[in-house]
Each structure stands twice: as structure tokens, then as C-alpha cells.
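>>> Give me a model of this one.
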Amino acid sequence: MPCEIKNRDQRIDEFLLGKLSPAEAEAFEIHAFGCAACLEELRLREQMMVLIKEERVTAVATHTRRRPVSLVKSILDFFRLQPNVWIYAGAAAVLLVGLALTQLLRRSETPDIDAANFAELPHLESRVGQVLRSGEFSLSVHAPKIGDNFSGDIQFRWEAKKDGEDFRGAFALKILNNHEESVYATTVENGQYILKAKLAPGLYYWTLDEHGETLYLGKFFVEKPIE
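Take a look at the predicted model:
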């Protein structure tokens, strides 16, 4: 007996995605168990949805770029087991669309994560660019400028005076991320230093300390996206 549902594919999708009302879902379920064509198509699409879900969870958990290849292989293996492969060509397209959406969702999450790394800290922003201790020391910081954006080596350069005389002694140079975690520290003499260490993209604060006291607070960015 031929199937009486005209838009069978759409109705099956709506049933699996929970878009039918309880009464409509119950009516379709009763029909499907009495219609061989609808039942076969329903089971096939259920298997595909499970496959997409399993591969998506694995891909997100491992963060590897090889998972899409694994999913495509799974698709091919799945269809090789079917006796009438052309019947399922439309369903294959649905599965591939699911793969594409998964990748788009993963890429869309990245900017949110990166954006958090560029968030400013209000209690530090009010002190940025200031010489934090007066008296025997005076500082003129030439690099990096406040808010400079880097994609390679970072040059630090300053001039210091102590009691009015040029001072070329040691300062502690410290770099903090925007979680106030120390990511780099060294001792610098002669007022200049080039950082070659690779920092992750984000906002960074840096200080010059002398005998445990902070004399200067600055900030810079690493590979900040152009707005």
C-alpha cells in the first residue's frame, strides 16, 4: 500500500527534531509503524543523527583537525553497507550539512574565547602609564607605547634617573596576562630588552620593579584583531 504522506521527508525531519505537536507526533509514530517506507527512512535518519552527534562530541573534546576526515569515512562506510545506495543520496546531503554546521559552530566559539583574553582590568587601567613611586627615581618609558599591538618580538626601552643622575642598574621586568597571572619575568640592566618569547594573543600588562616596589605599569596587545 503506497504511503499517504505527501511530504514524508519533511514530516520525518520534524518528528526527529521535535517540531511536531504531541498529537501530530503520536499520529506519525502510529503511521510509521504501519508503513514500511516511512519506518525504513525513519530508522536510517535516526542512525545518521546519532552518528553526527557522536562525531561532534568527539571532535569538540579532542580539538583535532582530523575528525572531519573520520566523519567522511564513516559516511562512506555507512553507505557501502546499504543495498540501495541511491535511495539514501538525499540523506547523505543532510549528514554533510550537519558536518559543515558543526565546523562553523566550532569556529564561531573561538572569537568568544579570544575576546576574553583582550578584556581590560579596570583596577589596573587607572594606573597604566603612571610612574608609581616618586622621590629618588624618575622614569621615561619609550617602548612599548601604551596599547601597542605586536605580532613578533617586543622591545622594551626606558631611561631612568636616580637622584637626578642617569641610572643603568637592574630593574625587574614582569609581564602579566589579563588574569593577573605572571607569564614572564627577567632582570634588565641598561634600560632595554627584547622579548623573543612567543605570547598567546591577548592583552598584557607589564611592570618595572626595583627592590620589590613597582615603579611603572604599562600595557600592550599581542595580535589584537583589527576592529
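
>>> show me the contacts for Gly147.
Gly147 makes contact with 219-221, according to C-beta atoms under 8 Å, 6 or more residues apart in numbering. (C-beta placed from N, C-alpha, C; glycine too.)

>>> residues near the residue nearest to Trp158 when sequence neighbours are not counted, how many?
Using C-beta to C-beta, 6 or more residues apart in numbering and skipping residues adjacent in sequence, the residue nearest Trp158 is Val141, 4.5 Å away. Other residues lying near Val141 total 21 when counted by other C-beta atoms under 10 Å.

>>> Same check on Tyr193?
If we define neighbours as other C-beta under 10 Å, then Tyr193 has 17 of them.

>>> Make residue 1 into 424 and carry on from there
OK, 424 is where the count begins now, so the last one is Tyr616.

>>> Which residues does it form beta bridges with?
Phe579 (DSSP bridges).

>>> ok, it - contacts?
Going by C-beta under 8 Å, 6+ apart, Tyr616 touches 578-580, 596, 609.

>>> looking at the residues you listed, which has the most residues close by?
When neighbours are taken as other C-beta under 10 Å, the top entry among the contacts of Tyr616 is Phe579 (22 neighbours).

>>> show me what contacts that one?
Applying C-beta under 8 Å, 6+ apart, we find Phe579 in contact with 566-567, 596, 611, 615-618, 629.

>>> And it, how far from Val554?
15 Å (C-beta to C-beta, to the nearest Å).

>>> likewise Leu462?
Using C-beta to C-beta, we find Leu462 at a distance of 78 Å from Val554.
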